[in-house]
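# following is a predicted model, sequence given first.
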Amino acid sequence: EGRTCDWEDFYGRYDLLLKLGNTSEPWKSRKQQEIKERIRKEYDVPISDDDLLWGKIYQDMVHETGVEPEGLYARETIIKYWRQNRSKYQKIGGSCRRRGSWRNKG
């Protein structure tokens with residue numbers, strides 16, 4: 001008779017899930033995002049409004065690069081493009097808020 005294992009309730013299952021979860025990509029991505037958000041909050045880094053980021057800046061970036069950012073890093077990609085081309089968007093008044101007020105937006 002062969003051995004069987006109950007995968008839903010075996011000794012050490014919780015520890016195994018923690019180890020697997022810590023090495024999986026979503027956990028690492030979420031951790032990196034938390035670190036970036038903490039640094040932005042700590043140093044009061046100005047970030048463009050989401051309306052502008054996902055509107056004009058997104059359209060300009062797609063038009064210029066031909067690539068639509070997707071997934072977890074889409075927002076970071078748009079922010080990077082905005083920072084590299086900040087001179088294009090300085091004319092738009094009130095488009096840049098301090099980190100604290102952006103957090104309270106909604």
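The structure has been received and is ready for your questions. Here the structure is a predicted model, which means the values were calculated and not measured.

# quick one: average pLDDT of the helix or strand in which residue 51 is found?
According to DSSP states H and E, residue 51 maps onto helix 50-52. Helix 50-52 comes out with an average pLDDT of 86.

# go on, stretch 75-91?
On average, stretch 75-91 scores 86.

# list the contacts of that stretch.
Applying C-beta atoms under 8 Å, 6 or more residues apart in numbering, the contact partners of stretch 75-91 are 36, 47-48, 52-54, 56-58, 60-61, 65, 69, 95. For glycine as for every other residue, the C-beta is placed from the backbone atoms N, C-alpha and C.

# re earlier: which elements pack onto whatever helix or strand comes next after the helix holding residue 51?
Counting by DSSP H and E, the next helix or strand C-terminal to helix 50-52 is helix 58-65. If contacts are counted by 3 or more C-beta pairs under 8 Å, 6 or more residues apart in numbering; DSSP states H and E, helix 58-65 sits against helix 74-84.

# now the angle from the helix it packs on to helix 58-65?
Helix 74-84 runs at 80 degrees relative to helix 58-65, counting by axes from the mean of the first three to the mean of the last three C-alpha atoms, to 10 degrees.

# how far does helix 74-84 sit from its chain's centre?
11 Å (C-alpha atoms, centre = their mean, to the nearest Å).

# can I get the CA coordinates of it in PDB?
Extracted C-alpha coordinates of helix 74-84, given in PDB (Å, rounded to 0.1, in the frame of the first residue of the first chain):
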ATOM      1  CA  ALA A  74       2.600  50.300 -15.600                       C
ATOM      2  CA  ARG A  75       2.300  53.200 -13.100                       C
ATOM      3  CA  GLU A  76       6.000  53.200 -12.400                       C
ATOM      4  CA  THR A  77       6.800  53.200 -16.100                       C
ATOM      5  CA  ILE A  78       4.500  56.200 -16.600                       C
ATOM      6  CA  ILE A  79       6.100  58.000 -13.600                       C
ATOM      7  CA  LYS A  80       9.500  57.300 -15.000                       C
ATOM      8  CA  TYR A  81       8.500  58.700 -18.400                       C
ATOM      9  CA  TRP A  82       7.000  61.800 -16.800                       C
ATOM     10  CA  ARG A  83      10.200  62.500 -14.800                       C
ATOM     11  CA  GLN A  84      12.300  62.100 -17.900                       C
END
